[in-house]
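Engineer: next comes the sequence, and after it the predicted model I'd like to discuss.
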Amino acid sequence: MKQIINTPAAPAPIGPYNQSVAFNGLLFVSGQIAIDPPTGQLALDNIEAETHQVLKNLKAILEAAGSSLENVLKATVFVKDMNQFSRINAVYGEYFKPEFAPARELVQVTELPKFVNIEISVIASLS
């Protein structure tokens, strides 16, 4: 049976979806953008700050579900500018160490919600 998991430690959904859904030992986390949960403001100072906020939001949802970044099996990264790949990757590497790094794709898109520069969704194990 699917279980909806939301937390106030991450941004509230901006549409008809939930932060995450647990099913059959897996957690499917909706794409997160750089909204600071306490203020509701976007953290768009630079791509590093934006990426940090996105990953903090993902971490909060994972932890609310009883999981962690170490349990992430797959990450999908959407970016507006592939030229920022190395800067994004440097921050991403702070959260996903090589021994726990998930499978991943990173693709460039034309636009993202609220016109941000990065969005990341993940699938994680609950055990």
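Structural biologist: Nice, I can see it.
Engineer: just the C-alpha atoms of whatever helix or strand Ile120 lives in, please, in CSV.
Structural biologist: For Ile120, the host element (DSSP states H and E) is strand 118-125. This file holds the C-alpha atoms of strand 118-125, laid out as CSV (Å, rounded to 0.1, in the frame of the first residue of the first chain):
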residue,chain,number,x,y,z
ILE,A,118,18.2,23.1,-11.1
GLU,A,119,15.7,20.5,-10.0
ILE,A,120,16.5,17.0,-8.6
SER,A,121,14.2,14.0,-7.8
VAL,A,122,15.3,10.7,-6.3
ILE,A,123,14.3,7.2,-5.7
ALA,A,124,15.5,5.7,-2.4
SER,A,125,15.3,2.5,-0.4
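Engineer: need the residues that contact that strand.
Structural biologist: For strand 118-125, contacts defined as C-beta atoms under 8 Å, 6 or more residues apart in numbering pick out 25-34, 47, 50-51, 54-55, 58, 62, 65, 67-68, 71-80, 88, 102, 112-113. (C-beta placed from N, C-alpha, C; glycine too.)
Engineer: hmm, try it at 6 Å
Structural biologist: Outside strand 118-125, the residues that touch it by C-beta atoms under 6 Å, 6 or more residues apart in numbering are 27-29, 31-33, 50-51, 54, 58, 62, 67, 71-79, 112.
Engineer: adjacent strands (with direction) for it?
Structural biologist: Applying DSSP bridges to the sheet, strand 118-125 is found paired with strand 26-32 (antiparallel), strand 72-79 (antiparallel).
Engineer: now render the ones you listed as CSV, adding mean pLDDT and distance to Ala10.
Structural biologist: Output for the strands paired with strand 118-125, formatted as CSV (pLDDT from 0 to 100; distance: least, C-beta to C-beta, whole Å):
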stretch, mean pLDDT, distance to Ala10
strand 26-32, 98, 7
strand 72-79, 98, 15
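Engineer: in a markdown table: those, plus mean neighbour count and distance to Lys97.
Structural biologist: Putting the strands paired with strand 118-125 into a markdown table (neighbours: other C-beta atoms under 10 Å; distance: least, C-beta to C-beta, whole Å) gives the following:
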| stretch | mean neighbour count | distance to Lys97 |
| --- | --- | --- |
| strand 26-32 | 20 | 19 |
| strand 72-79 | 19 | 11 |
